[in-house]
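*Asks:* Okay, sequence plus prediction incoming.
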Amino acid sequence: MAFDHVYRVSLLDGLVTQDAIAGLASELEAVNITLPVGYSQYVTQLGCGELCDLLRVHSPDGVRHGIREQGRLREESWIPGLRDGWWDPCKLTIEDLSDAVEFASSAEGDSFICCPRFAGTLFELPRHCSSILEYNNGFIEVADLCAKRMEHDFPFMDTGGPRRRHRGFDVSDRISVDRFEKLLIERWGADGHSRSRDDWSELPIVSFVRFTLVSRFMLVSHAQRRLLRPTVHLLLRHRTMSEVNRTS
């Protein structure tokens, strides 16, 4: 299947049903919008959390909500971006953006849209660069791109919604990354354990850790902590916050 290689940090979140997909597709057909390539597989296999701390694909209800609320986004961002030269000239026109629908966003403020004239093709409207990107393979292509952008060895999907909680703490500078990982495995076992990056060279010392409810340990150096940019994640599937609290 298209997203079998994506590590799901939590298996507790519900997946989108095929009936929900069919309902959305029928509604969008009325405005000549085709679901982007890979959207159906993405939300039915992975759900609607956050991929690699970057990509946030909308649920069918999220897409509907966006259609109702995107008028301001179109007028204040998308259309001026193309009209006023924020973005380089491309095949998209102002008319295309006027009819576009957003299917995902990123933590960095990018929008991933489709428009009637290019059925099924996904376009990325960037916030921090000038080139609008086109993905003919839609979300199937974007999943691996997110891992690359965030410098992880593989893509992973974190839980979203009310299950997502964070708690941070400092770690002694005498504990190396390898030692910290070993302690995690000794405490909770290696079942379901993975790490998002094999190269520790940019993170010689663990200085700060935060973990999600089910549990993702994000290791950052002091310098990266100031930049809020993670280097590596230790992923422990099915470890709940209560389990962590009982043994920490």
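*Replies:* Here it is on my side, so go on.

*Asks:* CA only for contacts and neighbour counts going forward, please
*Replies:* OK.

*Asks:* Give me the nearest residue to Ala107, chain neighbours excluded.
*Replies:* Leaving aside its sequence neighbours, Ala107 sits nearest to Leu54 (Cα to Cα, 6 or more residues apart in numbering; 5.0 Å).

*Asks:* Contact partners for the one you found?
*Replies:* Contact criterion Cα atoms under 8 Å, 6 or more residues apart in numbering gives 106-108, 146, 150 as the residues in contact with Leu54.

*Asks:* quick one: it from Cys146, how far?
*Replies:* Using Cα to Cα, to the nearest Å, Leu54 is found at 7 Å from Cys146.

*Asks:* Then Gln18?
*Replies:* Using Cα to Cα, Gln18 is found at 25 Å from Cys146.

*Asks:* Between those two, which has more neighbouring residues?
*Replies:* Legend: neighbour count by other Cα atoms under 10 Å for Gln18 and Cys146, higher for Cys146 (20 against 13).

*Asks:* Need the pLDDT of that one.
*Replies:* Cys146 carries a pLDDT score of 89 in this model.

*Asks:* And the helix or strand containing it, what does it pack against?
*Replies:* Here Cys146 sits within helix 138-149, counting by DSSP states H and E. With contacts defined as 3 or more Cα pairs under 8 Å, 6 or more residues apart in numbering; DSSP states H and E, helix 138-149 has these neighbours: helix 39-45.

*Asks:* where does the helix it packs on sit relative to the chain's centre, distance-wise?
*Replies:* 13 Å (Cα atoms, centre = their mean, to the nearest Å).

*Asks:* circling back: now the buried members of the contacts of Leu54.
*Replies:* Neighbour counting over those (16 or more other Cα atoms under 10 Å) leaves 106, 146, 150 as the buried ones.

*Asks:* Tell me who's in contact with the last one.
*Replies:* I take that to be Met150. Going by Cα under 8 Å, 6+ apart, Met150 touches 52-54.

*Asks:* What number of residues are in the vicinity of Ile33?
*Replies:* 21.

*Asks:* doesn't it fall inside a helix?
*Replies:* No. Per DSSP: H, G, I helix; E, B strand; the rest coil, Ile33 lies outside any helix segment and is coil.

*Asks:* Beyond the longest helix seen in the chain, next helix or strand please.
*Replies:* Criterion DSSP state H: the longest helix present in the chain is helix 60-73. Scanning forward in sequence from helix 60-73 by DSSP H and E, the next helix or strand is helix 79-83.

*Asks:* chain center to that following helix: distance?
*Replies:* Distance of helix 79-83 from the chain centroid (Cα atoms, centre = their mean) equals 26 Å.

*Asks:* I'd like the numbering to begin with 9 instead of 1 from here.
*Replies:* New numbering, starting at 9: the last item is helix 87-91.

*Asks:* who touches that helix?
*Replies:* For helix 87-91, contacts defined as Cα under 8 Å, 6+ apart pick out 94-97, 101-102, 105-106.

*Asks:* And that helix, what's buried?
*Replies:* Buried residues in helix 87-91, counting neighbours by 16+ other Cα under 10 Å, are found at 87, 89-90.

*Asks:* what does stretch 33-43 give?
*Replies:* Residues of stretch 33-43 classed as buried: 33, 36, 40-43 (neighbour count, 16+ other Cα under 10 Å).
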